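Asks: Compute the structure for the input listed below.
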Amino acid sequence: MKIDHDIAGWLEDGGHRLDVRIYFEDTDFSGVVYHARYLHFLERGRSDFLRLKGIGHRQLAAGEFGAPMAFAVRRMEIDFLRPARIDDVVSVKTRTRQLGGARILLDQKILRGEELLLEANVKVAVISPDGKPMRMPERVLDVLAPQSGG
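Replies: Numbering: from 1, shown residues only. Sure thing, here's the model as predicted:
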């Protein structure tokens, strides 16, 4: 799997960072990011975190880590703390908090510089192609295990 690190962000401090520019399409009439757009930024952060860890969605679906599988967001809790605005560059930070046999708990943050704009706790389920819960392959567990670091 070829990875373009320039657009996939980078791994740092046991997690992942992806910088995103806020465009007109991301905002409401006042130039403030529309709340639903944050879901897109968080998804990109999770996907690129996996990608840089060597776990591509296509490879998961093809069964390259064991049986064919996918990840699906099961639950998400979001605190919107401050707004991002058009032309801002924000950082989406993603880290594994906890792994279970069939789930991953992730902590995600969106920051503008050092200013915290959003915090999200995400529960991701591991599912088979027919949508049923399944156990995560050992190789995936090893790669996604939480690491220490700030």
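Asks: packing partners for the helix ranked longest in the chain?
Replies: Ranked by residue count, the top helix of the chain under DSSP state H comes out as helix 37-52. Applying 3 or more CB pairs under 8 Å, 6 or more residues apart in numbering; DSSP states H and E, one finds that helix 37-52 makes contact with helix 5-8, strand 10-12, strand 15-21, strand 70-80, strand 89-99, strand 103-112, strand 115-127. C-betas here are computed from N, CA, C, even on glycine.
Asks: quick one: low-confidence ranges for this structure?
Replies: 1-5, 148-150 (pLDDT under 70).
Asks: quick check: angle from the longest helix of the chain to strand 115-127?
Replies: With axes from the mean of the first three to the mean of the last three CA atoms, to 10 degrees applied, the angle from helix 37-52 to strand 115-127 works out at 60 degrees.
Asks: next one: helix 37-52 to chain centre, how far?
Replies: Distance of helix 37-52 from the chain centroid (CA atoms, centre = their mean, to the nearest Å) equals 4 Å.
Asks: Distance from the chain centre to whatever helix or strand comes next after that helix, please.
Replies: For helix 37-52, the succeeding helix or strand toward the C-terminus, using DSSP states H and E, is helix 57-61. Relative to its parent chain, helix 57-61 has a centroid offset of 16 Å by CA atoms, centre = their mean.
Asks: what about Asp48, how many neighbours?
Replies: 22 (other CB atoms under 10 Å).
Asks: Could you find the closest non-adjacent residue to it?
Replies: Ala8 (4.3 Å; CB to CB, 6 or more residues apart in numbering).
Asks: ok now do that neighbour, which residues does it touch?
Replies: Ala8 makes contact with Leu18, Asp48, Arg51, Leu52, according to CB atoms under 8 Å, 6 or more residues apart in numbering.
Asks: Just the buried ones from those?
Replies: Leu18, Asp48, Arg51, Leu52 (16 or more other CB atoms under 10 Å).
Asks: Redo those residues as JSON lines? Include distance to Gly63.
Replies: As requested, the buried ones among the contacts of Ala8 are exported to JSON lines (distance: CB to CB, whole Å):
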{"residue": "Leu18", "distance to Gly63": "27"}
{"residue": "Asp48", "distance to Gly63": "22"}
{"residue": "Arg51", "distance to Gly63": "18"}
{"residue": "Leu52", "distance to Gly63": "21"}
